[in-house]
Every structure is written in structure tokens, then in C-alpha cells.
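Student: Below is the sequence, then the predicted model.
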Amino acid sequence: MKNLGHKIFLTEDKVPPLNPEIACIITFKKEHLASELASYRPAIFIDSKNGYRRIYHNFPIMEREMSKQIYQTLMNPSTLSDHFYRPASFALNFYHHKLFHFSSPKISNLSSLIREVKAIMKTNYAYYSIATSILISLFFSKVGLPSEYPQILEFIYGTDLFDDIFFPIAFIFTTFEFTSDLLLSDKMKDHLSICKAFISYLLWRGAKWQLRRLIERFFPTDFRSSLYGLSCSI
């Protein structure tokens, strides 16, 4: 039987269709959470009028052991360098090099790095939250969400645990797009265009490497093989 992949329906105005192949819905319209498909499929509402916060609907509850593993991984100090410092340094060096033609020596100072990360995330949270939503639909539609998901890395800007988990991918994407906005003097405002930009970003080999690292870091070995297929309908 042909593998149809993991289909995600991304929509702004169109009501999600009754399609059994769709594994998750991402919408910018709260009314879509009451659609027939959303009654039995996980859905994420991104509230663009409330700072791009995410509302999760109809996700199953994750098994306790997997939830525990995710929290323990994030709270492990040895994870922090590879999960936060290196991606943040890479993205900020890209930003400084493209805008000012030099790699910033300031980001060797952790407090300065955190300040710059917060500023970029806060002013460009639309990019970050949309990227995180797509990744949640890919990683967590089948296994569900923890019963609670408070933010662990409170020194970065964000709203919940998933901003922490997907930082290495979502922050680099956000910084790339923010840098392009400054170079072109034109900010991307269309939500579905941002979705398409992030899906294209996932094809970059650096993003693929980060995806593999996240899978290896947070998910059990017997679950990893199911996390590599992604197809989207927009």
C-alpha cells in the first residue's frame, strides 16, 4: 500500500474538508475548530490578534514516559549548548554578517546573545509561532501533547514548551526571514506565504540535520521512523 505521508491542512479562510488523509489542521480562524474534520483530527489555531499564541484542539494525551523524557531532556544542562547556544550563535552571526558585513563579537557574551534572541523572537513571533505550529503537527499529531506544557527555557521569548523544543529550527528560520525583510525593506504579512516559506526552509540540508537531531534527542528509538514523512495542503 502506498504511503500517503503525514498530511497537514493549512488554511486561513477555507473550511477544512472531510479528507481522511489529513492528519492535522493549522488555521488562523477559530471557527474552524468547530468544523467536522476538527471533531476527530488534531487542530492548531494561531491567534494572529493575540500575539500569534497557539490554541491546541483535539490532540490526544501523550504517554507519561515520553512526556517525562522530553522534560528531562530540556532541563538537562548538557543539552543547552547544542540546543540553544549554537543555533542562536549561528543565526545571529548570519544576521550581523548580512546586515553589517561582520560576525558580531558581542554574541560571545551569553547575556547579550539572550537579549538579541528575545528581541528577534518578540518582534517576529508570527514567523516563529507559525514554524512551531507546523513542527508540532509533524511531531505530535499522532503521539499527542503532554498534559501540561509550561515553558522551560524561560529566558527566551515564547508561550509554551514547544517554543523551547523547536528553538533550533524555528529561531534560525525566523532570523533568516527577519534578515530578508530588512534587506528587502518589505515584511512578509500573508500567513500562508509564511507557511510556504517555512516548508521550503525544511528542504534545506541544515534544517534536515536539525530535524534529525531533534528526533534523536527527544523521541524513543522505536518511534523515530514515523517522523520523517511530511506533506502539506495549502
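Tutor: Structure's in. What do you need?

Student: what about the helices in this protein?
Tutor: Remark: helices assigned in the chain by DSSP state H are 64-75, 77-80, 86-100, 110-123, 125-140, 161-165, 167-184, 191-201, 205-218.

Student: Name the residues that touch the shortest one?
Tutor: Contact with helix 77-80 is made by 73, 217, as judged by CB atoms under 8 Å, 6 or more residues apart in numbering. Heads up, the C-betas are built off the backbone N, CA and C, glycines and all.

Student: Check the third one too.
Tutor: Contact with helix 86-100 is made by 102-104, 107, 113, 116-117, 120, 167-168, 171-172, 174-176, 178-179, 182-183, 210, as judged by CB under 8 Å, 6+ apart.

Student: again, only using 10 Å
Tutor: Residues from elsewhere that reach helix 86-100, judged by CB atoms under 10 Å, 6 or more residues apart in numbering: 80-81, 102-108, 110, 112-114, 116-117, 120, 156, 167-176, 178-180, 182-183, 206, 210, 213.

Student: same deal with the first one?
Tutor: In this structure, residues lying in contact with helix 64-75 by CB under 10 Å, 6+ apart are 61-63, 79-80, 83-84, 140, 143-153, 161, 164-165, 167, 214, 217-220, 223.

Student: give me the low-pLDDT residue ranges for the protein?
Tutor: Residue ranges of the chain with pLDDT under 70: 1-5, 102-108, 220-234.

Student: List the contacts of the most centrally placed residue in the chain.
Tutor: Nearest to the mean C-alpha position of the chain, by CA atoms, centre = their mean, lies residue 132 at 1.7 Å. For residue 132, the contact set (CB under 10 Å, 6+ apart) comprises 44, 46, 52, 54, 125, 158-160, 162-167, 169-171, 173-174, 198.

Student: Right, I'll leave it there.
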